[in-house]
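K.L.:
Sequence first, predicted coordinates after that:
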Amino acid sequence: MTKSELNNLFLTTLLLLIFSNTSFGQKIEPKERITEHDHSIASKIMERDYQLYISFPSGYSTKDTISYPVLYVLDGSRSFQIFNPINKRFSSIGKIKDVIVVGIGSGLDAQSWAINRYFDYTISVDTLSERKADKKYGVPKGTVKTGGAGRFLESIKNEIVPYIDKHYKTNNDRGITGHSLGGLFTAFCLINSDGYFTRFGINSPSLYWDDDEFLNQAVTEIENKNDNKIEWNIPPTKVFISVGELESSSMVTSMVKLSTNLVDYESDKLDLEWYIFENETHRSVIPIMLFKTLSVLYGKE
């Protein structure tokens, strides 16, 4: 499929979303909405609320015993608007495996969303970035905090996923995807993989975070495994990594560095595809990379 065809499909699905109301088969009473979240969950671990946006495959029903894989999407309030129509459309025509998409949102306005993601998605404390973000968002010094990725992953595993598993027909096939800082967090989940997630969509990852600290650790770990022929103790895992050609040089080079090192690590368990989208910026690439994430991670053979 060409880039032009991808853009046309994206526009078509957005129009379908705008001009139609969609009802979803759920274990609780279904409701009709476009971007309103389905649930709000209070996280004791993170000490804040998260909004959950649920997209079901076309055949989802409470009247059978079929269970489904789940793709957890970071920055859910924004990404959901793209994922939802694509998931419904592709599921209905058999282009992808049936999957439940769960968007995880935090913050009901632009400022709180931005501040929360700085903490949730970053894997180390970077005080310089914190102060820059304070000024950027016009908040008092010390408002923006970083380095909460470990806690956020704990919240996903112990609060958000159990909640989804309790209310919906899920199985243990879990994926996670994110863009920018969300891509950094997804890469963190991959490198520290314990088999909890087996599908990863790492898009425009901010691997340069904290002077490449995480990127260097990841590359060293992969090289050590490769040099010493150490088997990565993971189940069969599918990974998609992408970036826009016109993004910052640090974004592109760090993404290529991680991808090529993963390619060099030869393992039957790791199914990797990476891609640079031509003539796309950090923002313009989002619809196409989200479309590609879904088709690569859940496309039918």
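P.N.:
Received, thanks. Residues are numbered from 1 along each chain as shown.
K.L.:
Not counting sequence-adjacent ones, nearest residue to residue 193?
P.N.:
Leaving aside its sequence neighbours, residue 193 sits nearest to residue 234 (Cβ to Cβ, 6 or more residues apart in numbering; 5.1 Å). Where C-beta positions appear, they are placed from N, C-alpha and C, glycine not excepted.
K.L.:
The one you found: what's it in contact with?
P.N.:
Neighbour list for residue 234: 193, 194, 195, 198, 269, 270 [criterion: Cβ atoms under 8 Å, 6 or more residues apart in numbering].
K.L.:
do the same with residue 40
P.N.:
49, 50, 51, 52.
K.L.:
Any of those residues buried? List them.
P.N.:
The neighbour-count test (16 or more other Cβ atoms under 10 Å) marks 50, 51, 52 as buried among those.
K.L.:
Enumerate the beta-bridge partners assigned to the last one.
P.N.:
This means residue 52. Here residue 52 sits in beta bridges with residue 39, residue 104, going by DSSP bridges.
K.L.:
So it sits against residue 164, correct?
P.N.:
Yes. With contact defined as Cβ atoms under 8 Å, residue 52 counts as touching residue 164 (7.3 Å).
K.L.:
which residues do the two both contact?
P.N.:
Contact criterion Cβ under 8 Å, 6+ apart; residues shared by residue 52 and residue 164: residue 102.
K.L.:
Residue 246: what's it in contact with?
P.N.:
Residue 246 sits next to 279, 280, 281 when contact means Cβ under 8 Å, 6+ apart.
K.L.:
my hunch is that it is in a strand, does that hold up?
P.N.:
No. Counting by DSSP: H, G, I helix; E, B strand; the rest coil, residue 246 falls outside a strand, being coil.
K.L.:
how close does it sit to residue 123?
P.N.:
Using Cβ to Cβ, to the nearest Å, residue 246 is found at 26 Å from residue 123.
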